[in-house]
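Pasting the sequence and the predicted coordinates here, then a few questions.
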Amino acid sequence: MRTLVVVDAANVVGSVPDGWWRDRRGAAERLRDGLVGYAEEGLPEHPGPLEIVLVVEGAARGVDSVPGVRVESAPGSGDDRIAELAAEAEGHPCLVITADRELRGRVAESGARCAGPRTVRP
């Protein structure tokens, strides 16, 4: 059973002040591309293969999926969609990548584990 890894794009992109605010869609695409290798290689304590879902919102909506990373454009709040995905995964291993404390609490109620942005963005 593959671990579902749900990545909070806005939170992870915003964790590095590299000018992402000038091109939010481009920043989300760069993050997506950087996640591809983890799909097969895995993450610390989560050996591959992994099912990776990148949740985007706002100006980053419409970013395409690529092999290894499914992109979900949240129709509203990205946090709400992430919480839904974690709830849908109940009974299966789920890891949410975010530093958002409120979101961490919400997904923990579904049994998801959490890790910070540095897990996927050194």
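That came in fine, so what should we check first? If you're wondering where the values come from, they're calculated on a predicted model, not measured in any experiment. Numbering: from 1, shown residues only.

Counting neighbours, which bits of the helix or strand harbouring I82 end up buried?
Element membership for I82 (DSSP states H and E) is helix 78-88. With burial defined by 16 or more other Cβ atoms under 10 Å, the residues of helix 78-88 counted as buried are G78, D79, R81, I82, A83, E84, L85, A86. Glycine gets a C-beta too; all of them are placed from N, C-alpha and C.

now do stretch 44-52
Using 16+ other Cβ under 10 Å as the test for burial, stretch 44-52 gives H46, L50, E51, I52.

ok, now which ones touch V36?
Applying Cβ atoms under 8 Å, 6 or more residues apart in numbering to V36 gives the contacts V66, P67, G68, V69.

So for the first one, what's the pLDDT?
pLDDT, V66: 98.

Next: the last one.
Turning to V69, the model gives it a pLDDT of 98.

what about the helix holding I82, average pLDDT?
Taken as a whole, helix 78-88 has an average pLDDT of 97.

residue furthest from the geometric center of the chain?
The outermost residue of the chain relative to its centre, with distances by Cα atoms, centre = their mean, is R22 at 20.8 Å.
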